[in-house]
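J.: Provided below for reference: sequence and predicted model.
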Amino acid sequence: MSFGSCFAGVPMIDSRIVALTAVVGLAPPSFIAPANAQTTLIVDQSGGGAFTEIQPAIDAAHPGDIVRVLPGARPYLGFRVTKRLSVLGSGSVQITGSAVPGALATFDVRNLAPGDTVVVRGFREAYSSPYIQGLLVQNCAGAVHLSDLQVRPFVTVRNCAQVSVDDCTLEAVQVTASDVLFAGTSSRGYADVMCGCTIHALILGRGVRATVAGGNWQGADGFYFAGAGPGIILQSDAQLTLTGDDRTVVQAGQGSAPAISVAPGATLVLDPDPLLVATGGSPSVLGTGRVLRERVPYLVADVEQGALLAGLFTALGAQSWLLVSPFAPPVSLGAPLAPWWTPQPAVLAVGIVQTKPHVERIPLPPLPAGTALPVQALVLDGTTVALSNAAVEILAH
């Protein structure tokens, strides 16, 4: 299962909670499937489609179309996306360089309009070009969903309203002025011999609101006069929620460094279950920023054979929980809680929290390829309502 990223629970004491518990036992409502007409453009080096490279297919596609890339005998050239589109590889499709003149990255998503969504899934960077970085996402007012990618250094996200990174392997990630969630994603730091410096696994800059659940975040090892790097660095005004179980690992590089560095003005919401590994006698968390140690519900979700599988891990002693998603008719929850990617949550299914996670299996309607399915859990615990992490699974039929 892929791991979602977490927001801190929101405690509330409100008589309107009665309206929430009343829905327990109801069958899941009908879905409202998007009615977008889609064209699938095939990219195949062997000539089995209309295109033999990815960028010409992207340029020819209309908003809402799907570009499906078949494996080739050699790597394809990298690409740039600036419109509502799904670009789907098989998971083994190799990419290198870029087909865009003057490009700054192999994978480049930019200038997405509000309300638009880009999905990029299933690619491997064949090798790192010395002239351009691996992934660049910038100036996107819409939603960007990245899934099943393997990208070499460097990864940059800046000025983006909503980016989700699911089940990816990255290197040297830097985020500024963006909302990002990393689900089941790993990153490692990068040691640059030329500049004699280390670039950290994840640096969160000003204006960042990020969540991390799952994956291994490995700081760079120290060498020569460059010190070891923390796994994650929070700069001033950044906010990170770190959650999950002990499969979420943040580890400093070899030398002497904390797992997480928190600068003044930054905020770390830290669930006790993730594993933090410092080196050289350093504390696991170092810095004068604010650290809030809270236990939050942790939702895992996956898609299997046309159904959504969802289970909830929580130590809250919760009585019941609801899955919420924009793919169901809006239902008033009687509380000012909503997933950050949709203005109106809706009840998708109801489950009972047990000692072991209770897994719900919810049939899915036919959805367009590349559809991003966001789900979140609303947990009821006596007089407390808590919003779980947000789990995103990218569908590709």
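T.: Noted; the coordinates are in hand.
J.: Low-confidence ranges, the stretch 251-397 of the chain, go.
T.: 313-360, 368-370, 372, 378, 380-387, 389-397 (pLDDT under 70).
J.: Kindly recompute the last result at 50.
T.: Residue ranges of the stretch 251-397 of the chain with pLDDT under 50: 328-356, 396-397.
J.: That one: helices as residue ranges?
T.: Read by DSSP state H, counting those that start in this stretch, the stretch 251-397 of the chain holds no helices at all.
J.: quick one: Gln55 is in a helix?
T.: Yes: per DSSP: H, G, I helix; E, B strand; the rest coil, Gln55 lies within a helix segment.
J.: what's the spacing between the nearest residue in space to it that is not next to it in sequence and Val157?
T.: Distance criterion Cβ to Cβ, 6 or more residues apart in numbering; nearest residue to Gln55, sequence neighbours excluded, is Ala99 at 3.9 Å. (Glycine included, C-beta is placed from N, CA and C.) Ala99 sits 22 Å away from Val157, going by Cβ to Cβ, to the nearest Å.
J.: between those two, which one's more packed in?
T.: Per other Cβ atoms under 10 Å, whichever of Ala99 and Val157 has more neighbours is Val157, with 27 against 17.
J.: quick one, what contacts that one?
T.: Counting by Cβ atoms under 8 Å, 6 or more residues apart in numbering, Val157 makes contact with Val137, Gln138, Val163, Val173, Gln174, Val175, Thr176, Ser178, Val180.
J.: can you rerun that using 10 Å?
T.: Residues near Val157 by Cβ atoms under 10 Å, 6 or more residues apart in numbering: 109, 135-138, 140, 144, 146, 163, 165, 173-180, 204-205, 208, 210.
J.: Same question for Val151.
T.: The contact partners of Val151, by Cβ under 10 Å, 6+ apart, come to 95, 105-107, 123-125, 128, 133-135, 165, 168-173, 187.
J.: how about the longest strand anywhere in the chain as PDB, C-alpha atoms only?
T.: Ranked by number of residues, the top strand in the chain under DSSP state E is strand 133-150. Below are the C-alpha coordinates for strand 133-150, written out as PDB (Å, rounded to 0.1, in the frame of the first residue of the first chain):
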ATOM      1  CA  GLN A 133      18.300  18.900 -13.200                       C
ATOM      2  CA  GLY A 134      16.000  15.900 -12.800                       C
ATOM      3  CA  LEU A 135      12.700  17.500 -12.000                       C
ATOM      4  CA  LEU A 136      11.300  21.000 -11.900                       C
ATOM      5  CA  VAL A 137       7.800  22.000 -10.900                       C
ATOM      6  CA  GLN A 138       7.100  25.700 -10.800                       C
ATOM      7  CA  ASN A 139       4.500  28.400 -10.900                       C
ATOM      8  CA  CYS A 140       1.500  26.000 -10.900                       C
ATOM      9  CA  ALA A 141      -1.800  27.300  -9.500                       C
ATOM     10  CA  GLY A 142      -3.400  24.000 -10.400                       C
ATOM     11  CA  ALA A 143      -2.700  20.500  -9.000                       C
ATOM     12  CA  VAL A 144       0.400  18.400  -9.900                       C
ATOM     13  CA  HIS A 145       0.400  14.700  -9.100                       C
ATOM     14  CA  LEU A 146       3.700  12.800  -9.500                       C
ATOM     15  CA  SER A 147       3.700   9.000  -9.000                       C
ATOM     16  CA  ASP A 148       6.100   6.100  -9.600                       C
ATOM     17  CA  LEU A 149       9.100   8.300 -10.700                       C
ATOM     18  CA  GLN A 150      12.800   7.700 -10.300                       C
END
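J.: Looking at it now, give me its mean pLDDT.
T.: Strand 133-150 carries an average pLDDT of 93.
J.: So which bits of it are buried?
T.: 133-138, 140, 142-150 (16 or more other Cβ atoms under 10 Å).
J.: go on, stretch 237-246?
T.: For stretch 237-246, burial by neighbour count (16+ other Cβ under 10 Å) applies to Asp237, Ala238, Gln239, Leu240, Thr241, Leu242, Thr243, Gly244.
J.: Tell me what angle the strand or helix carrying Val119 forms with strand 133-150.
T.: Per DSSP states H and E, Val119 falls inside strand 117-125. Relative orientation of strand 117-125 and strand 133-150, computed by axes from the mean of the first three to the mean of the last three Cα atoms, to 10 degrees: 90 degrees.
J.: Ala210 and Val300, how far apart?
T.: 19 Å.
J.: ok, back up a step: tell me the one of the buried residues of strand 133-150 nearest Ala113?
T.: Nearest to Ala113 out of those is Gly142 (Cβ to Cβ; 5.8 Å).
J.: Just the CA coordinates for the strand holding Val119, please, in PDB.
T.: Backbone C-alpha positions of strand 117-125 (Å, rounded to 0.1, in the frame of the first residue of the first chain) are rendered in PDB as follows:
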ATOM      1  CA  THR A 117      -4.400  19.000 -13.100                       C
ATOM      2  CA  VAL A 118      -1.300  17.400 -14.400                       C
ATOM      3  CA  VAL A 119      -0.400  13.700 -13.700                       C
ATOM      4  CA  VAL A 120       3.000  12.300 -14.500                       C
ATOM      5  CA  ARG A 121       3.500   8.700 -13.700                       C
ATOM      6  CA  GLY A 122       5.800   5.700 -14.400                       C
ATOM      7  CA  PHE A 123       9.200   7.000 -15.600                       C
ATOM      8  CA  ARG A 124      12.800   6.400 -14.800                       C
ATOM      9  CA  GLU A 125      15.600   8.900 -15.400                       C
END
